[in-house]
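S.K.: missing the sequence, but the structure's below:
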C-alpha cells in the first residue's frame, strides 16, 4: 500500500475515534448532561492542575498526530506501520464499546459537583477493564505513533499517556469514596487497564488465546489486502485459528467465573494438554529450522545456483519470483564462476516458461552473460525443479545453491537432499512482508506434508 493510503487510514481512525467522543457529548448535552467535567468548577489544587494538563495533552496529541500524518514520514520500519493499524483498530473498538456501555453515566473528568446519582458500571467491557475508555485512548495514540513515528509525536504521546494514568489514579480515589466497598470489590476483581484481577495460570492461558484471536482476525485482513485477496493459499487458516481461540476464550472465562455448564473430564483435559504441548514443541522446532535456513549465508563461488520458478504475470515474473531472480542476479554478479539453472515450466496461463522469464530478466536487468544460464523448462513443482536440475548438472556432489524465497528454503533443501543433492545449501531471497509471516507459518504444514510423504 502507498503512503497516501496509510494517511487516509490514519485520518479515518482519528475521525471515527473523535467522532465517537464528540457525538456522545452532543447526545448527552441534548439530555441536559454536562459530559465535559475536565478542570471545570474545581478548586485550584493538585487535582485541578492534573486535569488541566490532561486537557492540554488531549488537545496537543491530535494536533501533533495530524501534522505527523500530513508530513507522511515515519522513522520506523514498514511492519511497525502495520502494527500501528492493529493498535488503532483495537483502540477505536475498545473506546466505542466503553462509551456505549457507560450510557449516560459517562463523564470526561471527575464529576465531583455532578449532583445526578449514577451507578457504578461494571458490566460488559468493564468486566475486563476498569478504564476501557482510557485504554482506547492509549491504544489509538500508540497506533498513530507506530504509523508515523517521530520524536515530537513520541514525546507528546508519552505526555498524554502519563496524564491519563495520573487521572485514572485520581478517579480511583473518587470512585472509592463515592461507592465504598462496591468499588473496592470491583477493583479487586478487574484490573486497571486489562485483565480479570489476580493472575492465575488459567487467566494467563486465556490472555494468550485472546491475543492470538485479535492477531488472527487482523492479520487475516492484512493477508487479504496484501496477498491477493481470498485466492491466497491457506489464508483461511487465520480464521480457523481465530475461531478456535474464541471458543477457548469462552471456555476459560466460564471456568474462571465458575459458570461452566459442562465440565470436561480430567482425562480429556490431560490428553488435550499433552497433545497441545507436543504440537507446540514440534511447531517451534520446525519453525526454528525454517528460520535458520531463511537467514543462511551461502558460500562464495558455488558451482551452480538453481532459481526455482514461482509464477508469471504474462511474460513478467510474479512478485515472489521477481525477488528470487533478483537474489540470483546479485549472487551471480558477485561470483562470476557460478552457473545458474533457471528452473520452471510454462503454466496454463503463462505465455512463456518460468525458466525463460528468469533468463530474460537476468540478462536484461543484471547483465548476466547468456553462456552462464542453463534452462530447465519442464518442471511443474519444487520436486521436479530440483530433480530435473540435477539431471542437467549430472553430478550429485556438485556444490549447489538453491535460490528461493527464504521461507521456502528449508523445504527446498529437504527435497534437494531427497532427490540426490549431496552439497546443497540455501541462497535465500527476500520474503515479502507482511504476507511473509503467513508464508512462514504455512510452511510448517508444507514440512508436515513432506515428512508424511517421506515416511
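M.R.: Good, I have the coordinates. The structure presented is a predicted model; accordingly, all values stated were derived computationally and were not measured.

S.K.: Return, as residue ranges, the portions of the stretch 301-450 of the chain with sub-threshold pLDDT.
M.R.: For the stretch 301-450 of the chain, no stretch has pLDDT under 70.

S.K.: Start from the N-terminal end of it and give the helices.
M.R.: 319-334, 354-366, 382-393, 409-419, 435-453 (DSSP state H, counting those that start in this stretch).

S.K.: Could you dump the ones you listed into JSON lines and include mean neighbour count and distance to residue 64?
M.R.: Using the backbone N, CA and C atoms, a C-beta is placed for each residue, glycine as well. Compiled in JSON lines, the helices of the stretch 301-450 of the chain are given as follows (neighbours: other C-beta atoms under 10 Å; distance: least, C-beta to C-beta, whole Å):
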{"stretch": "helix 319-334", "mean neighbour count": "20", "distance to residue 64": "36"}
{"stretch": "helix 354-366", "mean neighbour count": "21", "distance to residue 64": "43"}
{"stretch": "helix 382-393", "mean neighbour count": "20", "distance to residue 64": "50"}
{"stretch": "helix 409-419", "mean neighbour count": "21", "distance to residue 64": "43"}
{"stretch": "helix 435-453", "mean neighbour count": "17", "distance to residue 64": "31"}
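
S.K.: For stretch 67-84, what does the pLDDT average out to?
M.R.: In this model, stretch 67-84 carries a mean pLDDT of 92.

S.K.: can you pull the buried residues of that stretch?
M.R.: Residues 68-69, 74, 81-84 are the ones in stretch 67-84 that count as buried (16 or more other C-beta atoms under 10 Å).

S.K.: Could you tell me how far the nearest residue to residue 210 once chain neighbours are set aside is located from residue 203?
M.R.: Excluding the flanking residues, the one nearest residue 210 by C-beta to C-beta, 6 or more residues apart in numbering is residue 249, at 5.7 Å. According to C-beta to C-beta, to the nearest Å, residue 249 stands 11 Å off from residue 203.

S.K.: quick one: which of the helices of the stretch 301-450 of the chain is nearest residue 233?
M.R.: helix 435-453 (7.0 Å; C-beta to C-beta).

S.K.: and the closest one with helix 409-419, angle?
M.R.: 30 degrees (axes from the mean of the first three to the mean of the last three C-alpha atoms, to 10 degrees).

S.K.: Packing partners of helix 435-453?
M.R.: The helices and strands touching helix 435-453, judged by 3 or more C-beta pairs under 8 Å, 6 or more residues apart in numbering; DSSP states H and E, are helix 201-226, helix 237-257, helix 266-294, helix 409-419.

S.K.: With distance to residue 324 added, can I get the ones you listed in TSV?
M.R.: Output for the helices and strands packed on helix 435-453, formatted as TSV (distance: least, C-beta to C-beta, whole Å):
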stretch	distance to residue 324
helix 201-226	18
helix 237-257	24
helix 266-294	14
helix 409-419	11
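
S.K.: Please identify the most buried of those helices.
M.R.: helix 409-419 (a mean of 21; mean count of other C-beta atoms under 10 Å).

S.K.: about what we covered before: of the helices of the stretch 301-450 of the chain, give the one that comes closest to residue 162.
M.R.: So among these, helix 435-453 is nearest, using C-beta to C-beta, at 32.8 Å.

S.K.: Before I go, just wanted to say thanks for your time.
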